[in-house]
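Undergrad: Pasting the sequence and the predicted model now:
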Amino acid sequence: MHSPEEVHEVEADLIGFSIGTESYQQAAIITTEIFELTIIYGRFVIQKNW
């Protein structure tokens, strides 16, 4: 678990990233040290401009 102070952080360490399978029938799951995000999608793009 995280401490209450971490809730106000602007960055979180990525712990896990699971892309949905079976033709998008399973959700993608992004897990960080602070939260878990579940995404049900037809198409999903992550762009980084570093």
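TA: Happy to help now that I have it.
Undergrad: which residues of the protein fall in strands?
TA: 14-18, 28-32, 36-39 (DSSP state E).
Undergrad: Look up how far Leu14 lies from Thr32.
TA: Thr32 is 6 Å from Leu14, where distance means C-beta to C-beta, to the nearest Å. Where you see a C-beta, it was placed from the backbone N, CA and C, and this is true even at glycine.
Undergrad: okay, the two: which has more neighbours?
TA: Thr32 (17 against 10; other C-beta atoms under 10 Å).
Undergrad: Contacts only, for the nearest residue to that one once chain neighbours are set aside.
TA: Nearest residue to Thr32, sequence neighbours excluded (C-beta to C-beta, 6 or more residues apart in numbering): Ala12, at 3.8 Å. Neighbour list for Ala12: 6, 32-35 [criterion: C-beta atoms under 8 Å, 6 or more residues apart in numbering].
Undergrad: one step back: who wins for proximity to Asn49 among the strands of the chain?
TA: Closest approach to Asn49 among these (C-beta to C-beta): strand 14-18, 18.0 Å.
Undergrad: any residues touching that closest one, and which ones?
TA: By C-beta under 8 Å, 6+ apart, strand 14-18 touches 28-33.
Undergrad: Check those against Ile19 and report the nearest one.
TA: Ala28 (5.2 Å).
Undergrad: Kindly write the ChimeraX command that selects the buried subset of the contacts of Ala12.
TA: To isolate the buried members of the contacts of Ala12 in ChimeraX, using 16 or more other C-beta atoms under 10 Å:
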select :32,34
